[in-house]
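With the sequence up front, the predicted model follows.
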Protein chains: 2
Amino acid sequence: MRAVTIRDKEILVEEHPDPVPGAGEVLVCVRAAGINGADMMQRRGLYPAPAGSPQDIPGLELAGEVAALGPGATRFEVDDRVMAIVGGGGQAELAAVHERQLMPVPAALDWPAAGGLPEVFTTAHDAIFTQAGLRPGERLLVHGGAGGVGTAAIQLAIASGAQATATVRREELREQVAALGADAIAPEGFAEYGPFDVILELVGAPNLAENLSALAMGGRICVIGVSAGAKSEINLLALMGKRARIHGSTLRARPLEEKALAARALEREVLPLFEAGSTRARAGSRADSKAPALTVPIAETFPLDEAAAAYDRFAEGGKLGKIVLTL
Amino acid sequence: MRAVTIRDKEILVEEHPDPVPGAGEVLVCVRAAGINGADMMQRRGLYPAPAGSPQDIPGLELAGEVAALGPGATRFEVDDRVMAIVGGGGQAELAAVHERQLMPVPAALDWPAAGGLPEVFTTAHDAIFTQAGLRPGERLLVHGGAGGVGTAAIQLAIASGAQATATVRREELREQVAALGADAIAPEGFAEYGPFDVILELVGAPNLAENLSALAMGGRICVIGVSAGAKSEINLLALMGKRARIHGSTLRARPLEEKALAARALEREVLPLFEAGSTRARAGSRADSKAPALTVPIAETFPLDEAAAAYDRFAEGGKLGKIVLTL
C-alpha cells in the first residue's frame, strides 16, 4: 500500500507493506484522512507515535470502508462505512484498527467530512463535556475558534444548550465562526466578555493569566493545545479564589479502552446530531425542533499524492476547518 | 457575650452583643473552637470574612451545645452536642449557625477534638475525595503532613484503602505522622517517592513543578494552601502529557448550600469512623474489622482569655495537630 511517510522531517508518499488485521481488528480501505496539529509536531520529531502504532506513517484519524475482518471482529461487516481515531498510520491506503475504536459514519456525511470528524469532535467532546462538565446554560470560551477543534467545540456547546464565545485571530474568519453560533471576538481583551464557566485553550500559555481573570466561580480551563507556548506563570491563590480547575489532556497517548470509551460517547451523544434535520432533544437546546445538523467545516482537500502540499497548507494557518487527504 | 476580636491586627477578647438566631438557625453555646490558617490571614487583614458573617470576630469552626432554636429550626434540640464550619465568628461564647451547617458530635469525641474537627476534616475530605476523586488503592501525597488538614487527609486516605505519603519539614514530627499510617518523608526530593495519583498541596507554589513530575498519569493536584508562596511557573505541556488536573479551592467563600452539602458528606462518610472500634466497611480497608477510630490530633488548648497566646502558638508552627480555644 501507499502511505504518507515522514523521513528526515520531510513528507513523502511511499510504498509500505499492507497491514494485517489482528484479533479484534478491522482492515479499513481509507477514503479520507484529516491532518492535525499532532502530525505537524510529529514531522518535526517532537511527538513520536505511541507504541503499537506505525512510527513513520502519520495520521490520527481516518474514514473508509471495511475491507476485511481480523479474527473475532464482529461489530462491522465488509463494505461498512467506518471512521476512527488511531494512534498513527491513518494517512495510508489501508489501516488495521481495533473494532472498538471504530464508529459508523452517519449517512449524511461524505468522505472528506467523515475523514475530518473523529479527531476534532472527539477531542472537543471529551474536553468540554467529559472533562470540564459543560452544562446547559453555561458559557464556553474557545481560544482558536476557527480551527478544527474550535469549530467542533462551538457547535457541540450550542447543541447542548450552552453559549459559546470564540477568539479568532484573523478578522476575515470571524463571520464564518459566528455562523456556527458563537460570538466571534478578537483575542485582545477577551476577559471583558466573561465570566466564562469553561475555557477551551487551544492556543497556549500566553492566555493563562487572563483566562483565570475571565473565569467564573467554579470555572474549568481545559488545555489541549500550546502552539503559542507551554510555560507561563500561574497564581495559585487566584485558582483557589475562583475554586477553579485546570485540565491538561491529549487523546493520542490513551490506551485502547479509553479511546474506545470516547468513541462510544461520540456515537451516543454526537453522531445523531450529524443527521440532517435531527431533533435536538437535549435540555436547553434551541426552540426549533428541526435544528440544522452539525457540520465538519472543510477548508480544503488534497489527494494523497499531494500530501506535502496539504501539510504546508495546514502549517500556513488562516483557514476555517479541516485539511483532509482523500484517497 | 465575650469573643475573640481582631482590632488593628491585634487579638483581643471583648464584649459583643449576643447573636440572635434567625430563621433556620440555631444558637450554639460554644465549648471549643479551633484556630486555622485563615484566622492568621484575617488578623493580617488579608482575608476578610464573607458577607453575613461577623467581620471582627474570627473563627471558622466551633463545637458546643444547642442553647436556643431560631424560627423553623428542627434538626436539633436544646442541649444537643453540635459542631460546624462557619464563615466567621466561631471564636465566641455564642454563635448563630444555620442548622444545615451543623453536624452532631460523635459520642467518642471530647470538646477540644470536636472544636478542632470540622474545618480540617471537611477541607481534607472535600479536597481528596469530592474534588480529586481519590480511590482505594491509589497513592496520596500530602505536603504539610503534620498540620491539621494534613493529619486529617492521611487518616481519611488510609481509612478509604488508599496509601498515604506525607512531607513533614520538622524531623521531630515525622514519627507522629507515621503513626497515623503515612510514610513521613522530608520535603527535599519528594518526587523520588512517586508517582502519586493525588497530591494535596498545603504549602504552595514552590512545589508545583516537582508535583507535576511526581504525578501519575491522570493524577490530580489539589491546592488549598499557599503559605510558602502563590506564584509559580507552570509547564502546560507537562500537564497535558500527564493528562492531569489542578484544583484550587477554599471552603470559606462557599454559599450555605455548598457548605451544607459538605457537612452532609462528612456526616455520612467520616463521622462514623470516629466512633471507637468502628467497623470500616469501605472497600480496601484493613483486614481487621475493628480498626482504630480516627482521631483529631490536638497540639494544645488555650482558654478563651488566652486567645492571643493561642494565635502566637499557631503562628510559631512546629506542632502536630490543632490549636483549640476552650470556653
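Yep, it's here.

Give me the neighbour count for A:Pro48.
Other residues near A:Pro48 come to 11 when the count uses other CB atoms under 10 Å in any protein chain shown. Using the backbone N, CA and C atoms, a C-beta is placed for each residue, glycine as well.

Quick check, pLDDT for it.
Looking at A:Pro48, its pLDDT reads 82.

again with A:Gly229
pLDDT for A:Gly229: 88.

now A:Val4
pLDDT, A:Val4: 97.

Contact residues of chain A facing chain B?
Residues of chain A lying near chain B by CB under 8 Å from any CB of the partner chain: A:131, A:201, A:204-205, A:208, A:223-224, A:226, A:230-250, A:253-254.

What are the boundaries of the strands in the stretch 201-327 of chain A?
A:215-223, A:231-235, A:245-248, A:298-303, A:322-326 (DSSP state E, counting those that start in this stretch).

Looking at those, which is nearest to A:Val97?
Relative to A:Val97, the nearest member of these by CB to CB is strand A:322-326, separated by 16.6 Å.

packing partners for the closest one?
strand A:25-34, helix A:111-116, strand A:298-303, helix A:307-316 (3 or more CB pairs under 8 Å, 6 or more residues apart in numbering or on different chains; DSSP states H and E).

A:Ala124 contacts A:Ile158, correct?
No - the pair A:Ala124 / A:Ile158 is not scored as a contact, 12.0 Å apart, by CB atoms under 8 Å.

Please say which of those two ends up with more neighbours.
Set A:Ala124 next to A:Ile158 and count neighbours by other CB under 10 Å: A:Ala124 wins out with 27 against 21.

which residues does the residue of chain A most remote from its centre contact?
Distance from the centre of chain A peaks at A:Leu237, with 32.4 Å (CA atoms, centre = their mean). Listed by CB atoms under 8 Å, 6 or more residues apart in numbering or on different chains, the contact set of A:Leu237 reads B:226, B:230, B:248.

picking up where we left off before, export the helices and strands packed on strand A:322-326 to a markdown table and tack on mean pLDDT and mean neighbour count?
As requested, the helices and strands packed on strand A:322-326 are exported to a markdown table (pLDDT from 0 to 100; neighbours: other CB atoms under 10 Å in any protein chain shown):
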| stretch | mean pLDDT | mean neighbour count |
| --- | --- | --- |
| strand A:25-34 | 98 | 26 |
| helix A:111-116 | 98 | 26 |
| strand A:298-303 | 96 | 17 |
| helix A:307-316 | 95 | 17 |
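
and A:Gly70, what does it touch?
Going by CB under 8 Å, 6+ apart, A:Gly70 touches A:20-27, A:96.

Report the closest residue of the stretch 51-200 of chain A relative to chain B.
As assessed by CB to the nearest CB, chain B sits closest to A:Gln131 within the stretch 51-200 of chain A, at 7.7 Å.

my guess is that residue meets A:Thr250, correct?
No - in this structure A:Gln131 lies outside contact range of A:Thr250 using CB under 8 Å: 11.7 Å.

Between those two, which is the more surrounded one?
Neighbours per residue, other CB under 10 Å: of A:Gln131 and A:Thr250, the larger number sits with A:Gln131, 20 against 17.

Can you report how many residues lie near the closest residue to that one other than its chain neighbours?
Spatial nearest neighbour of A:Gln131, chain neighbours left out: A:His247 (4.8 Å); criterion: CB to CB, 6 or more residues apart in numbering or on different chains. Residues within reach of A:His247, counting by other CB under 10 Å, total 24.

what do you get for A:Asp183?
17.

give the contact list for it.
A:164-166, A:193.

Drop anything exposed from those.
When those are checked for burial by 16 or more other CB atoms under 10 Å in any protein chain shown, the buried set is A:164-166.

Would you reformat the residues you listed as TSV and include secondary structure and pLDDT?
Below are those laid out as TSV (DSSP: H, G, I helix; E, B strand; the rest coil; pLDDT from 0 to 100):
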residue	secondary structure	pLDDT
A:Ala164	strand	98
A:Thr165	strand	98
A:Ala166	strand	97
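
wait, doesn't A:Gly115 sit right on A:Leu304?
No - the pair A:Gly115 / A:Leu304 is not scored as a contact, 11.5 Å apart, by CB under 8 Å.

Give me the common contacts of the two.
A:325-326.

still on that earlier bit, intersect the contacts of A:Leu237 with the contacts of chain A.
Okay, of those touching chain A (CB under 8 Å from any CB), that's B:226, B:230, B:248.

Let's see stretch A:229-242 as CSV, backbone CA atoms only.
What follows is stretch A:229-242 as a C-alpha-only set of coordinates in CSV (Å, rounded to 0.1, in the frame of the first residue of the first chain):
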residue,chain,number,x,y,z
GLY,A,229,3.9,28.4,24.2
ALA,A,230,3.8,25.9,27.0
LYS,A,231,5.2,27.8,30.0
SER,A,232,3.5,30.5,32.0
GLU,A,233,3.3,31.9,35.5
ILE,A,234,0.3,30.8,37.4
ASN,A,235,-1.2,32.5,40.5
LEU,A,236,-2.4,29.6,42.7
LEU,A,237,-4.2,32.0,45.0
ALA,A,238,-6.4,33.1,42.0
LEU,A,239,-7.1,29.5,41.3
MET,A,240,-8.2,28.9,44.9
GLY,A,241,-10.3,32.1,45.0
LYS,A,242,-12.2,31.0,41.9
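
what about A:Leu266, neighbour count?
Neighbours of A:Leu266 (other CB under 10 Å): 20.

Spatially nearest residue to it, not counting backbone neighbours?
Excluding the flanking residues, the one nearest A:Leu266 by CB to CB, 6+ apart is A:Thr122, at 5.4 Å.

who's in contact with that neighbour?
A:85, A:251, A:262-263, A:266.

Looking at the helices and strands packed on strand A:322-326, spot the one closest to B:Val270.
strand A:25-34 (47.6 Å).

Partner strands of the closest one, with direction?
The strands beside strand A:25-34 in its sheet (DSSP bridges) come out as strand A:61-69 (antiparallel), strand A:94-98 (antiparallel), strand A:322-326 (antiparallel).

distance between the longest one and the chain's centre?
Centroid displacement of strand A:61-69 relative to its chain, using CA atoms, centre = their mean, to the nearest Å, is 19 Å.

Return it as CSV; C-alpha atoms alone will do.
What follows is strand A:61-69, C-alpha atoms only, in CSV (Å, rounded to 0.1, in the frame of the first residue of the first chain):
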residue,chain,number,x,y,z
GLU,A,61,-7.9,9.8,12.1
LEU,A,62,-9.4,8.1,9.1
ALA,A,63,-12.6,7.2,7.4
GLY,A,64,-13.2,4.4,4.8
GLU,A,65,-14.8,1.1,4.0
VAL,A,66,-14.3,-2.2,5.8
ALA,A,67,-12.0,-4.3,3.6
ALA,A,68,-11.5,-7.3,5.8
LEU,A,69,-12.2,-8.6,9.4
